[in-house]
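**Q** prediction below, plus the sequence it came from.
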Amino acid sequence: MTLPAPGGYLQALQAHTPLVHCITNFVAMNSSANILLAVGASPAMLHAREEAGEFTALADALSINIGTVSPDFADGMLATTRVACDSATPWVLDPVAVGATAYRQRLCAELMERSPALIRGNASEILCLNGMATPGRGADSTASTAEARDAAVELARRQGCLVGVSGEVDLITDGERLARVYGGHALMPRITTLGCGLSATVAAFLGVADATPDSRFAAASAAFGCFAVAGERAAAKASGPGSFTPAFLDALYQLTPDDLDHHLSLENRDGI
Amino acid sequence: MTLPAPGGYLQALQAHTPLVHCITNFVAMNSSANILLAVGASPAMLHAREEAGEFTALADALSINIGTVSPDFADGMLATTRVACDSATPWVLDPVAVGATAYRQRLCAELMERSPALIRGNASEILCLNGMATPGRGADSTASTAEARDAAVELARRQGCLVGVSGEVDLITDGERLARVYGGHALMPRITTLGCGLSATVAAFLGVADATPDSRFAAASAAFGCFAVAGERAAAKASGPGSFTPAFLDALYQLTPDDLDHHLSLENRDGI
Amino acid sequence: MTLPAPGGYLQALQAHTPLVHCITNFVAMNSSANILLAVGASPAMLHAREEAGEFTALADALSINIGTVSPDFADGMLATTRVACDSATPWVLDPVAVGATAYRQRLCAELMERSPALIRGNASEILCLNGMATPGRGADSTASTAEARDAAVELARRQGCLVGVSGEVDLITDGERLARVYGGHALMPRITTLGCGLSATVAAFLGVADATPDSRFAAASAAFGCFAVAGERAAAKASGPGSFTPAFLDALYQLTPDDLDHHLSLENRDGI
């Protein structure tokens, strides 16, 4: 079976400008908004329980990130994910540093009951969500994506959702198939909240995909592909993490569907 | 009647470094602070009801932006705008995405009772505040500034304040006269919270203007002019939205009163 | 007596990647995270009382900044500083605009009871903490570091901690000795939250220092030295505050221990 070409999703995103509702952490808000705008989506950041659910009903996709969560943000997250779940709006969970505290683990357990379309984390976070006690170190992973492969597949099967693992080589799986995305650059972990921005970008791509497993798998892989290509290109121009950021946004803005199709072959994915 | 030259307000701002109290959204805080510093003002971001009013009493101007508002921020906004109103400190209202939820509409209605000196929004937001049901799409406008012209004039008359509408061509009106500001660049909507930063910059300019209608109209137009000129210059150097941002801050920093006077002729404004 | 060479602390930081827990203001969060990553540390921003203390127990250092504080953040600050105090984890207090409101002064008084390892502020903030009524102007100082010299020494003695005063020439004192750090650039006050980022960087350096007075004094001075050298180098490449920021992060990332040892001679410090 041939999956849809990833470039088609970027084309659709650039044509339809999906409205992406983000409840994310304070560190990532500005950066994720600029990433979404650069790639061609329309970001909206708001979280108050008084309105968050009402707004989600208007959005094409939702991105939830627990980085600097507190009870008031958690209330907004629970309200919006319920709406997303009821209205079949695809939503992405980014379980930042879930292994670090009991509070995060309880919140993620509650959120996972609301059927995220995709969970994106680093290897430590995915291992932790799958029940392995690997707290990571703050927001950083202490494991490689290869070590998280089996956990990602298991978690995807148990949750009935996509799982994306960011690292030197990214993995995307729905429990049945697995894509590897190569690219990016070693400088990227030295810039804060790029992973959070990737989660929001995955939501934008899911917002223009069909609800079929094939379409969602291909669209999510396309989002990871955007970061891999733009990251490589930005690093080639950068002298460090400071000059990387403007170059990365420029590269995202300049990405074409052809760039993605050349970079990302979903045919050479592994069977499981 | 000849209005004061816009360059004089930039000169006054650079000489007096007005203290601008901002209660703004999480996405815009860092960007607005850097914009204010680049143009020559002194930003202060704080919102807790325990101190916000006390601080406003020290400030030269106040900027209120409802982007990521929640009840605790709304409390701070209501406290500070009451102080600003009582002490005749000019304040600017930025009604981000007011059409999107009932919560935003109620809050804006309450804030508008406290006599803002200027309301700045995109066309959809100004149409909504004037009672037209055009919710926009998230934080983005679905209407042009030309479509919002009559609503802006009406709103300015009814509220007894200035209204500024951002878009491809900006409009500023006090209900009696109307200025059009040309410039900027098509790239600017691809960078988050530039509009929020413009609202804060308008507050800074009002902070060095007299309380007369002429002076406030000219000062507000000067603020829009700064963004128009700096936006054009930054876009000429940028390869995308990432490289635009540093170039824009540099251009704001390098602006001279003469630049503004050359760019912005308030004499060729429309009568109404 | 010879103090440890400052370069050794940068080397240790780059080798050990200290985990720095930050409860800081909304304006500074992204910028401080990127500064910590550029210099070689691992930042973690979280503040909820439900987890903040639990997280601090894992961290190598803690940085507390009251810029946009509200009661919920204050709760997190009080919880984490108690844990830091109990576990002898070094922590830095950044008393932003402490002179501006009574609320800030009460909070700082409470925090100072929990034995910060270092207090970093501008001259107005340090004068205010030492009981002088110099409120500054918003977040900006109205005094020079030379005027704050005696207050810094007195405050350090009374609190039994280090005090760092940022300005054209930085001062670091433990009440017995005093280092002056030259460098930086006049452009730096035109970029928001660099001082907040310096406080977080001082925490990172204290996180790899011994708990002895000599080691802490040298490590803190090294952190100030990083900003002085990177600031000078960035300003040499920048056309304004916008291009300064990426150049500054690049310069921090490229700093070597030798750079610091050449720039910073702790031997020519003043006796007191």
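**A** All right, it came through fine. Residues are numbered from 1 along each chain as shown, chains lettered A, B, ... in the order given.
**Q** hey, which helix is longest across chain A?
**A** Of all the elements of type helix in chain A, the one with the most residues (DSSP state H) is helix A:213-237.
**Q** can you tell me the average pLDDT over that helix?
**A** Here helix A:213-237 scores 97 as its mean pLDDT.
**Q** which neighbouring elements make contact with that helix?
**A** helix A:6-16, strand A:162-166, strand A:170-173, strand A:177-181, helix A:194-206, helix A:241-254, helix A:257-263 (3 or more CB pairs under 8 Å, 6 or more residues apart in numbering or on different chains; DSSP states H and E). Quick note: C-beta positions are derived from backbone N, CA and C, even for glycine.
**Q** distance from it to the middle of the chain?
**A** When C-alpha coordinates are averaged (CA atoms, centre = their mean, to the nearest Å), helix A:213-237 and its chain have centres 11 Å apart.
**Q** quick revisit: any idea which of the helices and strands packed on helix A:213-237 gets closest to chain C?
**A** Of all these, helix A:241-254 sits nearest to chain C, with 2.9 Å by CB to the nearest CB.
**Q** list the buried ones in the closest one?
**A** For helix A:241-254, a neighbour-count test (16 or more other CB atoms under 10 Å in any protein chain shown) marks A:241-253 as buried.
**Q** quickly find the element holding A:Met77.
**A** Element membership for A:Met77, per DSSP states H and E: helix A:71-86.
**Q** for that helix, packing partners?
**A** Checked by 3+ CB pairs under 8 Å, 6+ apart, helix A:71-86 has strand A:19-23, helix A:52-56, strand A:61-65, strand A:91-94, helix A:102-112 packed alongside it.
**Q** JSON lines for those, including distance to chain B and mean pLDDT?
**A** Supplementary listing: the helices and strands packed on helix A:71-86 in JSON lines, determined by distance: least, CB to the nearest CB, whole Å; pLDDT from 0 to 100:
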{"stretch": "strand A:19-23", "distance to chain B": "5", "mean pLDDT": "98"}
{"stretch": "helix A:52-56", "distance to chain B": "5", "mean pLDDT": "96"}
{"stretch": "strand A:61-65", "distance to chain B": "12", "mean pLDDT": "98"}
{"stretch": "strand A:91-94", "distance to chain B": "16", "mean pLDDT": "98"}
{"stretch": "helix A:102-112", "distance to chain B": "18", "mean pLDDT": "97"}
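**Q** nearest to B:Ile35, of the ones you listed?
**A** Each of the helices and strands packed on helix A:71-86 was scored for nearness to B:Ile35 using CB to CB, and the closest is strand A:19-23 (22.3 Å).
**Q** the helix or strand just after the closest one near chain B anywhere?
**A** From strand A:19-23 onward toward the C-terminus, using DSSP H and E, the following helix or strand is helix A:29-39. Yes. Helix A:29-39 is in contact with chain B by CB under 8 Å from any CB of the partner chain, via A:29-30, A:33-34, A:37-38.
**Q** now do the end-to-end distance for stretch A:63-73.
**A** Start-to-end span of stretch A:63-73 (CA to CA, to the nearest Å) is 13 Å.
**Q** and it, how far from the chain's centre?
**A** The offset between the C-alpha centroid of stretch A:63-73 and the centroid of the whole chain comes to 15 Å, using CA atoms, centre = their mean.
**Q** spell out which parts of the stretch 101-250 of chain A neighbour chain B.
**A** Residues of the stretch 101-250 of chain A found near chain B, taking CB under 8 Å from any CB as the criterion, are A:245-250.
**Q** of those residues, list those near chain C.
**A** A:245-246.
**Q** redo the residues of the stretch 101-250 of chain A next to chain B as CSV? Include distance to B:Phe224 and pLDDT.
**A** Compiled in CSV, these are given as follows (distance: CB to CB, whole Å; pLDDT from 0 to 100):
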residue, distance to B:Phe224, pLDDT
A:Thr245, 28, 98
A:Pro246, 25, 98
A:Ala247, 30, 98
A:Phe248, 30, 98
A:Leu249, 25, 98
A:Asp250, 26, 98
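**Q** between the residues of the stretch 101-250 of chain A next to chain B, which sits nearest C:Thr101?
**A** Minimum distance to C:Thr101 across those is 34.2 Å, recorded for A:Thr245 (CB to CB).
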